[in-house]
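> Model the structure of this input:
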Amino acid sequence: MEKNKLYNIIKKILIGAANKEEEESINQHFSKHFNSTEWEEQSLGNKEKIQQKILTQVEQKIIYEKPTYKNIYYKYYAIAASLVFIITASILIYINSNNKMTLKTDFQTSSLKPGTDKASLELADGRIINLEDLKVGKLHQEASFSIEKSEEGTINYNYQSSTKIKENAPIKWNTLRTPFGGKYHIVLADGTKVWMNAGSSLTFPEHFSQKERTVHAFGEVFFDVFHDKSAPFIVHTEGVEIQVLGTSFNLSNYTKFNNQTSTSIALLEGAVQLKSEKKTTKLTPGNKATIINNTLNITPFDQESEMAWKNNQFIFKDKNIKEIMEHLSRWYNVKVEYLGEDWQNKNFTIRMSRRDDLEEILSIIEKTQSIKFQTKERRIIISQY
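Residues are numbered from 1 along each chain as shown. You can find the predicted model right below:
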């Protein structure tokens with residue numbers, strides 16, 4: 001097969017644009033080459049190990065693809081075993097042995113890597129603990145509490161059982177912060193699980209009181225609250241107080257691109273009571289409360305899109321490019337500039353892994369031939385065709 005045609009079909013497969021005939025032609029081409037070429041273990045590595053690694057990555061991709069998009073889901077599954085390994089292995093052989101083909105992408109080297117698990121914990125006395133430096137299984141001990149990192153990277157925060165807190169003692173607050181390009185997961189002493197997206201903060205007391213469990217949150221934070229009827233869990237955030245007993249919900253109150261801050265609470269399970277400046281209302285599962293300028297509105301929400309970030313995905317369904325770039329700029333820690341005006345009709349539907357490099361996502365959007373991206377260090381300049 002002609003090299004240019006081969007290359008173009010592979011690109012179409014990688015972005016999901018190839019038809020069955022094109023997929024089959026590539027499969028047959030590489031299968032024939034792969035089966036007729038001797039594997040050079042010294043230069044390419046152990047064949048079985050590479051095969052297992054590739055297939056594991058494919059399985060992970062399948063997991064991240066939700067069955068809501070059945071055509072995408074089954075497409076990955078159908079070609080995974082036969083196509084992906086053959087293509088990858090054959091490309092290795094081509095490049096390393098026969099030097100017949102070189103694959104190039106729009107971005108040869110990536111400097112815009114995805115975010116990672118990183119955060120800092122500021123203690124009540126002003127000291128800051130960089131949680132990246134805390135080794136797995138290592139216990140950081142303070143006078144009244146301890147923190148430990150699990151193998152999954154989660155921080156477990158626990159009180160010292162021997163510590164007694166006086167009833168009228170002033171509250172000491174800790175603040176967990178994730179930077180742009182970072183996320184984190186913490187389990188509080190009461191068993192409440194908290195996931196934090198990039199550019200978020202969670203302020204919580206060294207010890208919860210026996211009457212209530214109060215925290216302050218900003219950014220995007222998912223709560224899975226441990227049920228304790230005797231001590232309601234209360235979240236203070238921009239413009240609203242959220243009171244729960246045991247439930248799970250997603251909180252978001254980033255400052256938008258128009259410098260307007262809106263707070264949203266999307267309830268997955270249980271029930272919450274919201275107190276804003278003007279009203280108190282209850283929220284039921286499947287509904288999302290949005291507060292803008294002290295006005296509260298309740299609407300249904302798409303759970304898959306809302307929870308995508310927690311599941312290491314980007315899922316945007318008919319979203320404006322400015323809203324999409326807000327999410328990307330926080331996760332990849334980049335600044336975004338727009339050339340020209342009239343961006344209102346630039347909407348896209350995108351499903352990508354948050355583990356992908358930013359250049360790969362921008363390359364996919366560019367294929368619509370409606371928007372162009374230019375990268376300069378950690379700056380993305382966006383213009384229209």
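
> Three-state assignment for residue 5, please.
helix (DSSP: H, G, I helix; E, B strand; the rest coil).

> Distance check, it against residue 320.
Per CB to CB, to the nearest Å, residue 5 is found 37 Å from residue 320. In short, each C-beta sits where N, CA and C put it, glycine included.

> All the helices of this structure, in order from the start?
3-14, 20-35, 41-44, 47-64, 70-79, 85-93, 303-306, 321-332, 358-366 (DSSP state H).

> Of residue 5 and residue 320, which one has the most company?
Remark: of residue 5 and residue 320, residue 320 carries more neighbours, 16 against 12, as counted by other CB atoms under 10 Å.

> ok so, going back, hey, least reliable of the helices of the chain by pLDDT?
Lowest mean pLDDT within those: helix 70-79, at a mean of 39.

> Report the contact partners of the nearest residue in space to residue 374 that is not next to it in sequence.
Excluding its sequence neighbours, the residue lying closest to residue 374 (CB to CB, 6 or more residues apart in numbering) is residue 381, at 4.4 Å. Contacts of residue 381 were listed using CB atoms under 8 Å, 6 or more residues apart in numbering, and they are 337, 339, 373-375.

> cool, and residue 313?
Taking CB under 8 Å, 6+ apart as the test, what residue 313 contacts is 64, 351-354.

> if I look at it, how far off is residue 207?
36 Å.

> before we move on, back to that, filter the contacts of residue 381 down to the buried ones, PyMOL style.
Per 16 or more other CB atoms under 10 Å, the buried members of the contacts of residue 381 correspond to this PyMOL selection:
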select buried, resi 373+375
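
> mind listing which of the contacts of residue 381 are in strands?
The strands, defined by DSSP state E, take in 337, 373-375 from these.

> want to try TSV for the residues you listed, with distance to residue 123 and pLDDT as columns?
Converted to TSV, these look like this (distance: CB to CB, whole Å; pLDDT from 0 to 100):
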residue	distance to residue 123	pLDDT
337	38	95
373	41	94
374	43	92
375	38	90
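
> any chance of these in CSV, with distance to residue 324 too?
CSV is the format used below for these (distance: CB to CB, whole Å):
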residue, distance to residue 324
337, 15
373, 12
374, 17
375, 16
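
> any idea which of the residues you listed is closest to residue 29?
The shortest approach to residue 29 among the ones in strands among the contacts of residue 381 belongs to residue 373, at 32.1 Å (CB to CB).

> and the residue lying closest to residue 339 once chain neighbours are set aside, what are its bridge partners?
The shortest distance from residue 339 to any non-neighbouring residue, by CB to CB, 6+ apart, is to residue 383 (4.2 Å). Legend: beta-bridge partners of residue 383 under DSSP bridges are residue 372.

> so where is the stretch 151-300 of the chain shaky, pLDDT-wise?
161-168, 255-260 (pLDDT under 70).

> now the end-to-end length of stretch 305-315.
Terminal residues of stretch 305-315 lie 5 Å apart, using CA to CA, to the nearest Å.

> Any buried residues in that stretch, and which?
305-310, 313-315.

> got those as TSV, with distance to residue 227 columns?
Output for these, formatted as TSV (distance: CB to CB, whole Å):
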residue	distance to residue 227
305	27
306	22
307	21
308	26
309	25
310	20
313	28
314	32
315	29
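
> Among those, which lie within strands?
313-315.

> for these, which one is nearest residue 294?
Using CB to CB, these come closest to residue 294 at residue 315, 30.0 Å.

> Give me the pLDDT for the residue nearest to the closest one when sequence neighbours are not counted.
Leaving aside its chain neighbours, residue 315 sits nearest to residue 308 (3.9 Å; criterion: CB to CB, 6+ apart). Reading off the confidence values, residue 308 has pLDDT 95.

> Against residue 183, how distant is residue 308?
According to CB to CB, residue 308 stands 13 Å off from residue 183.

> now swap in residue 361 and tell me
17 Å.

> Between these two, which is the more surrounded one?
residue 183 (26 against 22).

> show me what contacts that one?
115-119, 195-198.

> Restricted to strands, list these.
Among those, the members falling in strands (DSSP E) are 116-117, 195-196.

> how about TSV for these, with distance to residue 329 added?
Shown next, in TSV, are the ones in strands among the contacts of residue 183 (distance: CB to CB, whole Å):
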residue	distance to residue 329
116	16
117	19
195	20
196	17
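
> quick check, nearest of the contacts of residue 183 to residue 284?
Nearest to residue 284 among the contacts of residue 183, with distances taken as CB to CB, is residue 195, at 22.2 Å.
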